[in-house]
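>>> when you get a sec, could you give me coordinates for this:
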Amino acid sequence: MMNKYVRVLIAITAVIAYLGALMYLPPNQPFFLLGIGVVGLVASLIGTVPGIVVALLLIPSTSYIYAQFAGGVSYASLLVSPVYLGMKFLAAFALGKMHSGKLSVAIKDEALKEANSRLQGALSQVKELGGIHNLCGECKQILDDEGSWQSIDQYLKDHTKMEFSHCICPTCAEKFKAEASTISAS
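Numbering: from 1, shown residues only. This next block holds a predicted model:
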């Protein structure tokens, strides 16, 4: 995205170049129509309101230049015609709207980049298990990377963000009740 001051400088340069060109180009040609492009450029660089202001300011300055340098050809009536003014305002509104759309896209793009950066940071903190791990079929202990056996719950707690709350599943509860009743019966 271009710096705001650079955009303003380009817009001012375009207006000055337009007015200078009107003084030195052949006065018998309707070069004032280039003003529509200047208004559009200002609106696309800075916004709708500055484009409209430039459109309004170019009318008297262009009239003055043509009055001074045009000689026998008079474009003064065309400069204030509704069609010419409408084209200037249309350029200011359309290109100003496009400028504000580009700004909102740039703002959303920055927000998306920031959110993506935060998500990448969070993703880098995620612990993930993968590959094949040795697990004892009897006691369910797991062989860790250092070669020592530890309980599966401790291993998962160390290598993930898991927390455990111990309880008894219904199958083991039935098994425990059966063993307890056998022990109490004896």
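>>> what about the host helix or strand of Ala106, average pLDDT?
Taking DSSP states H and E as the criterion, the element that holds Ala106 is helix 82-125. Helix 82-125 shows an average pLDDT of 81 in the prediction.
>>> which residues sit against the helix or strand just after it?
Helices and strands here follow DSSP H and E; after helix 82-125, the next one along the chain is strand 141-143. Residues outside strand 141-143 that contact it (CB atoms under 8 Å, 6 or more residues apart in numbering): 133-136, 149-152, 155. Every residue, glycine included, has its C-beta placed from N, CA and C.
>>> would you map out the domains in this protein?
Domain segmentation of the chain under automatic domain parsing yields 4-125, 141-185.
>>> chain center to the first one: distance?
Mean-position distance between domain 4-125 and its chain equals 24 Å (CA atoms, centre = their mean, to the nearest Å).
>>> that domain: end-to-end distance?
One end of domain 4-125 sits 38 Å from the other (CA to CA, to the nearest Å).
>>> just to revisit the earlier point, which of the contacts of strand 141-143 ranks first by neighbour count?
Of all the contacts of strand 141-143, the highest neighbour tally under other CB atoms under 10 Å goes to Tyr155, namely 20 neighbours.
>>> wait, that residue sits on Ser148?
No - with contact defined as CB atoms under 8 Å, Tyr155 does not count as touching Ser148 (10.2 Å).
>>> if we can go back for a sec, got JSON lines for the contacts of strand 141-143, with distance to Thr182 and pLDDT too?
Listed next are those as JSON lines, based on distance: CB to CB, whole Å; pLDDT from 0 to 100:
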{"residue": "His133", "distance to Thr182": "36", "pLDDT": "82"}
{"residue": "Asn134", "distance to Thr182": "34", "pLDDT": "86"}
{"residue": "Leu135", "distance to Thr182": "30", "pLDDT": "86"}
{"residue": "Cys136", "distance to Thr182": "27", "pLDDT": "85"}
{"residue": "Trp149", "distance to Thr182": "31", "pLDDT": "91"}
{"residue": "Gln150", "distance to Thr182": "32", "pLDDT": "91"}
{"residue": "Ser151", "distance to Thr182": "27", "pLDDT": "88"}
{"residue": "Ile152", "distance to Thr182": "28", "pLDDT": "85"}
{"residue": "Tyr155", "distance to Thr182": "33", "pLDDT": "85"}
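>>> highest average neighbour count across the domains of the chain?
domain 4-125 (a mean of 15; mean count of other CB atoms under 10 Å).
>>> and the residue nearest to the spatial centre of the chain, how far from His133?
By CA atoms, centre = their mean, the chain has its centre lying nearest to Asp109, at 1.2 Å. The spacing between Asp109 and His133, counted by CB to CB, to the nearest Å, is 43 Å.
>>> equivalent analysis for Ser151, please.
With CB to CB as the criterion, Ser151 and His133 are 13 Å apart.
>>> cool, and Cys167?
From Cys167 across to His133, the span is 24 Å (CB to CB).
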